[in-house]
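Novice: from the sequence below, what's the structure:
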Amino acid sequence: MKSVRAIFGFHAVLARLRADPATVEEILLDEKRGDARVKDVVAAAERAGTRLMRVPVKRLDGFYGGGRHQGVVAIVRERQTRETLDALLERLSQPPILLVLDGVTDPHNLGACLRVADAAGAHAVIAPKDRAAGIGATVSKVASGAAETMPYYMVTNLARTLDELKERRIWVVGADEHAPATLYEADLPESIAWVLGAEGEGMRRLTRERCDALVRIPMLGSVASLNVSVASGLCLFESRRRRLGTGDAGHAKQD
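Specialist: Predicted coordinates for the structure are as follows:
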């Protein structure tokens, strides 16, 4: 039997309906809501031929523990097959921008990282299986739809994966508070894998040793560090900003 899980919130539910409607088994909607956002979900469900039920809000609360489900819950099957990282890199028509997370185990942080990666046009997010959060209800909700569209690869051996990226001439650049060069001073390559560790702990030693270069985000105030999703956004958007002069301002991950 295929495993199922619940996803919450209008962005996440609509994103799954658009990206992979065949995996959506049913949608539960607050029976008292009839606003424009609900109508969008109803229309998308009808187009996809997905079963939709109007239910009391208390039933939705049961899925999310009384949290902010926004009045919509979708029951989805886990995707059984997906494009491999190698296949994704092979088909890209432009230099890849990747985000590598080493030790990000908090689902709120992962969801936020997926969201900024999607916004910056990154092609994929990579994390080690032994030190990472998986895609669950909280990740999907925080990611605001990006968990349904951003490729997320949990790899067995992160160091080996970084070596394989380097063999593809993708530079591995780590964000490290002790690096001599700042994010804005460094000479960043077009093909890049940004590596960030969890706030406070940073990257593991073996991960840091695989980096071709290290850069730091200049901290000008009193705080010592940034949340990993904020730091990820700064790094990814700096790579994207440098490409704007070449006319590459679109959604790179869709190429």
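Novice: tell me the predicted confidence for the nearest residue to Val13 once chain neighbours are set aside.
Specialist: The shortest distance from Val13 to any non-neighbouring residue, by CB to CB, 6 or more residues apart in numbering, is to Ala74 (4.5 Å). Quick note: C-beta positions are derived from backbone N, CA and C, even for glycine. Per-residue pLDDT puts Ala74 at 90.
Novice: biggest helix in this structure by residues?
Specialist: Identified as the longest helix of the chain according to DSSP state H is helix 228-243.
Novice: buried stuff in that helix?
Specialist: Applying a neighbour-count criterion of 16 or more other CB atoms under 10 Å, one finds 228-236, 238-240, 243 buried in helix 228-243.
Novice: pLDDT weak spots in the chain?
Specialist: Within the chain, the stretches with pLDDT under 70 are 1-2, 63-67, 79-81, 245-255.
Novice: repeat that for 50
Specialist: By pLDDT under 50, the low-scoring segments of the chain are 1, 66, 249-255.
Novice: what residues go with each domain of it?
Specialist: With domains defined by automatic domain parsing, the chain comprises 4-77, 85-254.
Novice: so what's the gap between the longest one and the chain middle?
Specialist: A distance of 9 Å separates the C-alpha centroid of domain 85-254 from that of its chain, computed with CA atoms, centre = their mean, to the nearest Å.
Novice: show me the residue sitting in the middle of this structure in space.
Specialist: Leu114 (1.8 Å; CA atoms, centre = their mean).
Novice: quick one, the helix or strand it falls within and helix 228-243 angle?
Specialist: Using DSSP states H and E, the element containing Leu114 is helix 107-119. Angle of helix 107-119 versus helix 228-243, following axes from the mean of the first three to the mean of the last three CA atoms, to 10 degrees, is 10 degrees.
Novice: what separates Leu236 from Ile135, distance-wise?
Specialist: Leu236 sits 19 Å away from Ile135, going by CB to CB, to the nearest Å.
Novice: follow-up on the earlier one: tell me how many other residues surround the residue nearest to Val13.
Specialist: 27 (other CB atoms under 10 Å).
Novice: please tell me how far it sits from Val24.
Specialist: To Val24, Ala74 is 6 Å away according to CB to CB.
Novice: quickly list what's touching both of the two.
Specialist: Arg16, Leu17 (CB atoms under 8 Å, 6 or more residues apart in numbering).
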